[in-house]
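J.: here's a sequence, model it:
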Amino acid sequence: MKNRLAVICAGILAVLLLASLVGFNHQKPKLLVLHGFSEEGPWEQAFDAGFRRELDRHLQPLFTRWRYMMYSQYLSPRQWAAASQRSRELIDSWRPDVVVAVGEEAQDYVGRHYAGAAAPKIIYAISEDPQQFGYPEAANVTGVHEILPLDEIVDILQFLGDQPQRIRAIGINDLTGRAEALQVQAHDWGKHHFLGVDLVTDYMDWQKQVQALAEQADILLVLSTGGLSISPDQQEDINPLILADWTERHAKPLPIGIRESFVIGGGSLAVVPSPGGLGEQTARLALKALKPGQTLPPPEDSQDYLIALRPAQLAGRGLRLPSIYVQSARNSHTLYPQRTAGDSHADGSAVLH
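T.: As a prediction, this is how the structure comes out:
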């Protein structure tokens, strides 16, 4: 009899514990992180690492899911409409409390459809103007606007000579390129002379523009290069590492990139918005948004940046930066050796000469 009673009590206790666990899990807030691109992208991996670091610091109980829309310029409008529909069906069925939308495609195809809705809350991480998605007027939306570290580039220019520098920027004629162009055009370059932005449509056009600037500029600001087609007849993308190597070797003005890929590919210097820092900053906003009964925090500009550097290659142009920049690149693992003629890219493709 006692054994039977003990078994019954143990069963009741197990049922109560299971019910408590189910109730606890049911009460945990839900967080969806939605990327426009693939989880294999280096930038996305760095962003996710920063985002996870910030979540781990707070140890807040959460249900977290990650979704990647696998953006490609080769997808048809119909395929993109289907990808958008699938992501929105996930949101409508799973009903996350907060959706973190990362990148322009995640906003355009998903995030903007929920702007002004009662739920979910939307946290964006983008380089584009939030206005184009209707976000500033929406009470359920906030986020981080990635700002190019142009002030930091101006600071570096003081170590490249006493004279005012002539600056020209080059980028891709797409949504990201146009957004970056607006930032560099609106920036206060101080004593230096900003000569404008060239936005190109393919790699052949890029090469022509770089060569045309030989005597017209001292600094070539290299904007984002991902997604540039090879030529009007070859629509596949040029490898950004090959583009970086060619630009560094053929540009007479000093090229300064705004993405680490420029230095990975062979460039000598880049001043880069930190994807890991952006991930951490976005996660902090998401955690605040998950707290019940609180209004959303105001939007923020990105704060962190990295120096990517090849000192020996920079010295080949007769230039040297103070050691604090070298140490900064070393600490962030963005210090690279000088490229040699026999080097190949990380993906196995040969360097073009």
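J.: for residue 169, give me its contacts.
T.: For residue 169, the contact set (C-beta atoms under 8 Å, 6 or more residues apart in numbering) comprises 180, 181, 184, 196, 197, 198, 220, 221, 222, 223. Yep, even glycine has a C-beta here, placed from its N, CA and C like the rest.
J.: do the same with residue 206
T.: 170, 200, 228, 243, 247.
J.: so the second one makes contact with residue 207?
T.: No: counting by C-beta atoms under 8 Å, residue 207 is not a contact partner of residue 200; they are 9.1 Å apart.
J.: those two: which has the busier surroundings?
T.: Using other C-beta atoms under 10 Å as the criterion, residue 200 and residue 207 rank with residue 200 on top: 19 against 15.
J.: which residue is the nearest non-sequential neighbour of residue 215?
T.: residue 252 (7.4 Å; C-beta to C-beta, 6 or more residues apart in numbering).
J.: one step back: by neighbours, which of the contacts of residue 206 wins?
T.: Going by other C-beta under 10 Å, residue 243 tops the contacts of residue 206 with 26 neighbours.
J.: against residue 300, how distant is that one?
T.: Using C-beta to C-beta, to the nearest Å, we find residue 243 at a distance of 31 Å from residue 300.
J.: same check on residue 290?
T.: 17 Å.
J.: the two - which one has more neighbours?
T.: The neighbour comparison of residue 290 against residue 300 (other C-beta under 10 Å) goes to residue 290, with 20 against 15.
J.: could you list which residues are in contact with that one?
T.: 29, 31, 60, 62, 97, 98.
J.: which of the residues you listed are buried?
T.: Among those, those classed as buried by 16 or more other C-beta atoms under 10 Å are 29, 31, 62, 97, 98.
J.: in a markdown table, list those residues along with pLDDT and distance to residue 137.
T.: Formatted as a markdown table, those follow (pLDDT from 0 to 100; distance: C-beta to C-beta, whole Å):
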| residue | pLDDT | distance to residue 137 |
| --- | --- | --- |
| 29 | 97 | 25 |
| 31 | 98 | 24 |
| 62 | 95 | 29 |
| 97 | 97 | 21 |
| 98 | 98 | 19 |
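J.: any stretches of the stretch 201-350 of the chain with poor pLDDT?
T.: 340-350 (pLDDT under 70).
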